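Engineer: Let's see this in three dimensions:
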Amino acid sequence: EGKQYYAPGGGYASFSGTDHSRGYTTGNYSEGGLLSDLTEEQVGGVLDWRNFYRDHEQYFFVGLYHDIFYDENLQGTEELKKAEDMYAVQQQSRELNKDLMARFKSCNSHFAQAEPLTKLWCDDQYHEKGSQPVYMYTIEKRHLQSNPEKEKGRCACMTAQMKELAYGWNRAPDKEVRFRFVEYPECPLSKGKQECHRKKDAKNPE
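Structural biologist: Purely as a prediction, here's the structure:
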């Protein structure tokens, strides 16, 4: 069935017998397959595609390509090991992010083109009871010194107890993430409000 696509003259013929790994994340399919200079996120994207095809019921394994990732004996090369190691780290980061999203839920938000303000709020039916909107920054501990720009921020619904839990993680050597919290100037936590209205062009608090 695949011959009509991957055989000479087919729409995907250029993918046959070549390594276009980089193209799956850069969009440039003339770059070859070397991945070691890509980011963890980019390598993760490439290997996600590999796993998609590897597990897909309509695509069948036909062989290994002797080039960057497999030697003449079709054994994995050092480049393959590097890619797999980066992928493993990326998978750990994804699992950590999923855990953070579940523990510290994002705020509800609403904005409309005709309205000048964005509404942020916490709902006791979904979030921790009594939680309030606060801007939460997180960064993996391994990036603190080498890649501080990896810090990410989002609105989260937090109680005082949840913030104490997060600050406890900051002090724990076995936890892989560090937190900091910044109040929205329009919604100081001291007022105890669960709803916040901000200008749509307002910058995230730092």
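
Engineer: Now do the top strand by length along the chain: everything it contacts.
Structural biologist: The longest strand of the chain (DSSP state E) is strand 132-140. Here strand 132-140 makes contact (Cβ atoms under 8 Å, 6 or more residues apart in numbering) with 93, 96, 100, 104, 107, 120-122, 148, 150-159, 163, 166, 176-184, 187, 189, 192-196, 204-205. C-beta coordinates here come from the backbone N, C-alpha and C atoms, glycine included.

Engineer: One more: stretch 46-63?
Structural biologist: Here stretch 46-63 makes contact (Cβ under 8 Å, 6+ apart) with Glu1, Gly2, Ser21, Arg22, Tyr24, Thr25, Leu35, Leu38, Ala83, Glu84, Tyr87.

Engineer: Same check on stretch 71-88?
Structural biologist: Here stretch 71-88 has contacts from 34-36, 40, 43-44, 46-47, 64, 66, 68-70, using Cβ under 8 Å, 6+ apart.

Engineer: Among the residues you listed, which pair sits farthest apart?
Structural biologist: The span of the contacts of stretch 71-88, defined through Cβ to Cβ, is set by Glu40 and His66 at 26.4 Å.

Engineer: Who has more neighbours out of these two?
Structural biologist: Taking neighbours as other Cβ atoms under 10 Å, Glu40 and His66 compare with Glu40 leading, 17 against 13.

Engineer: In contact with the more buried one: list those residues for me.
Structural biologist: Met86, Val89, Gln90, Ser93.

Engineer: how far does the one helix or strand in the chain whose mean pLDDT sits lowest sit from the chain's center?
Structural biologist: Lowest on mean pLDDT, DSSP states H and E among the helices and strands of the chain sits helix 3-6, with a mean of 83. Mean-position distance between helix 3-6 and its chain equals 34 Å (Cα atoms, centre = their mean, to the nearest Å).

Engineer: following that helix, which helix or strand comes up?
Structural biologist: helix 23-26 (DSSP states H and E).

Engineer: mind saving the C-alpha coords of the helix or strand following that next one as PDB?
Structural biologist: Using DSSP H and E, the next helix or strand after helix 23-26 towards the C-terminus is helix 40-55. Output in PDB follows, covering the C-alpha atoms of helix 40-55 (Å, rounded to 0.1, in the frame of the first residue of the first chain):
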ATOM      1  CA  GLU A  40      15.800  18.900  24.300                       C
ATOM      2  CA  GLU A  41      12.300  20.000  23.200                       C
ATOM      3  CA  GLN A  42      13.200  19.600  19.500                       C
ATOM      4  CA  VAL A  43      14.800  16.200  20.000                       C
ATOM      5  CA  GLY A  44      11.700  15.200  21.900                       C
ATOM      6  CA  GLY A  45       9.600  16.200  19.000                       C
ATOM      7  CA  VAL A  46      11.700  14.100  16.600                       C
ATOM      8  CA  LEU A  47      11.600  11.000  18.800                       C
ATOM      9  CA  ASP A  48       7.900  11.500  19.400                       C
ATOM     10  CA  TRP A  49       7.400  11.100  15.600                       C
ATOM     11  CA  ARG A  50       9.700   8.000  15.600                       C
ATOM     12  CA  ASN A  51       7.600   6.400  18.300                       C
ATOM     13  CA  PHE A  52       4.400   7.300  16.400                       C
ATOM     14  CA  TYR A  53       5.500   5.500  13.300                       C
ATOM     15  CA  ARG A  54       7.100   2.700  15.400                       C
ATOM     16  CA  ASP A  55       3.800   1.900  17.100                       C
END
